[in-house]
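>>> need a structure here:
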Amino acid sequence: MRRIFVLSFLLASLVLVAQEEKPIVLVELFTSEGCSSCPPADRLLSNVINSSSEEVEVLGLSFHVDYWDYIGWKDPYANADHTQRQRAYGRKFRLNSIYTPQMIVNGKHEFVGSNRQELGRALRVESLIPYNLFLNVSIDTKTAEKIIFKVSSEEAVDLLLNVTIVEKKLSQDVKRGENRGRTLSHDNVVRAFDSRSFNGQENIFALGIPEDLKGDDASLIVYAQTSSNWHIVGAERISFNEIE
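Purely as a prediction, here's the structure:
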């Protein structure tokens, strides 16, 4: 039912607009396996990712933060860099503190990550606003240890460029902490991440590939946002299955 609920918002809004290329909407979730209120948000992100249709593509990224690790369960996907990214968003949105679960849509809308109504509203609005930046992503080499690729854009000016490796269909038996005894499932977990200033000139990236990454469930997601307000202006996804 949740998947149908979210998708209905998208389909209803897309009746109002006709575009040659289907719009992309990027959703960032800040979550943790040590947070008892996070599993519903993880499921919601999975639902909306898997509900992407021919009319709109939802790119979801699950950033696992590390500030819940102290209560007894160390999240294997948590990273201090993810926490710092969330703190930076907190400053952009002028929040008194950061929290989990938190969703941010296209860098513009922030809300509690399990709130289906707010997610539906944000997707409905953002699906009507196509990205205005094309990112040219070309793969140089891919080995078992790393992937090297180039990103450029003719229109980019004063942006922040983010590159990620994400993995779907992850699960974990949690043995301690607030989610003790539960099996948690995740989609599009950020397994590698880099971010740098971007003005359109060709940038070369080398992302390390985790040893346990399942290539069939992995993708490279590249997205750009304005340096001033962090609004997302362009995004591309390449499945690892498409990379020779």
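>>> Any buried residues in stretch 100-116, and which?
Across stretch 100-116, burial judged by 16 or more other C-beta atoms under 10 Å covers 100-111, 113-116. C-beta: built from backbone N, CA, C; applies to glycine.
>>> and it, how far from the chain's centre?
Centroid separation for stretch 100-116 versus its chain: 11 Å, with C-alpha atoms, centre = their mean, to the nearest Å.
>>> The buried residues of stretch 100-116 in helices, which ones?
If you go by DSSP state H, the buried residues of stretch 100-116 have R116 in helices.
>>> ok, so of the buried residues of stretch 100-116, who is nearest K150?
In terms of C-beta to C-beta, no member of the buried residues of stretch 100-116 lies closer to K150 than G107, at 23.7 Å.
>>> unless I'm mixing things up, that closest one is touching S227, no?
No: contact criterion C-beta atoms under 8 Å: G107 and S227 do not qualify, at 11.3 Å.
>>> a helix runs through R124, doesn't it?
Yes: membership of R124 in a helix is supported by DSSP: H, G, I helix; E, B strand; the rest coil.
>>> Just the helices from this structure, written as ranges.
All helices of the chain, identified by DSSP H, fall at 2-14, 39-50, 80-93, 116-126.
>>> Let me see the contact set for the most centrally placed residue in the chain.
Residue closest to the average C-alpha location in the chain (C-alpha atoms, centre = their mean): L61, at 1.8 Å. L61 makes contact with L26, V27, E28, L29, T164, V166, N188, V190, I221, according to C-beta atoms under 8 Å, 6 or more residues apart in numbering.
>>> In a markdown table: those, plus pLDDT, distance to G208 and neighbour count.
A markdown table is the format used below for the contacts of L61 (pLDDT from 0 to 100; distance: C-beta to C-beta, whole Å; neighbours: other C-beta atoms under 10 Å):
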| residue | pLDDT | distance to G208 | neighbour count |
| --- | --- | --- | --- |
| L26 | 98 | 23 | 23 |
| V27 | 98 | 25 | 25 |
| E28 | 98 | 21 | 28 |
| L29 | 98 | 23 | 29 |
| T164 | 98 | 12 | 23 |
| V166 | 98 | 14 | 27 |
| N188 | 97 | 18 | 28 |
| V190 | 98 | 13 | 22 |
| I221 | 98 | 16 | 21 |
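>>> wait, which of those is closest to F240?
Closest to F240 out of these is V166 (9.9 Å), distances taken as C-beta to C-beta.
>>> partner residues bridging V222?
V163, E236 (DSSP bridges).
>>> To clarify, my last question referred to A192.
Counting by DSSP bridges, A192 is bridged to I165.
>>> What separation is there between it and K175?
According to C-beta to C-beta, to the nearest Å, A192 stands 26 Å off from K175.
>>> Counting neighbours, go ahead and name the busier of those two.
Higher neighbour count among A192 and K175: A192, with 20 against 11, using other C-beta atoms under 10 Å.
>>> OK, contacts around that one?
Applying C-beta under 8 Å, 6+ apart to A192 gives the contacts T164, I165, L207, G208, I209, P210.
>>> Tell me the one of those residues nearest A41?
Distances from A41 to the contacts of A192, taken as C-beta to C-beta, are shortest for T164 (18.5 Å).
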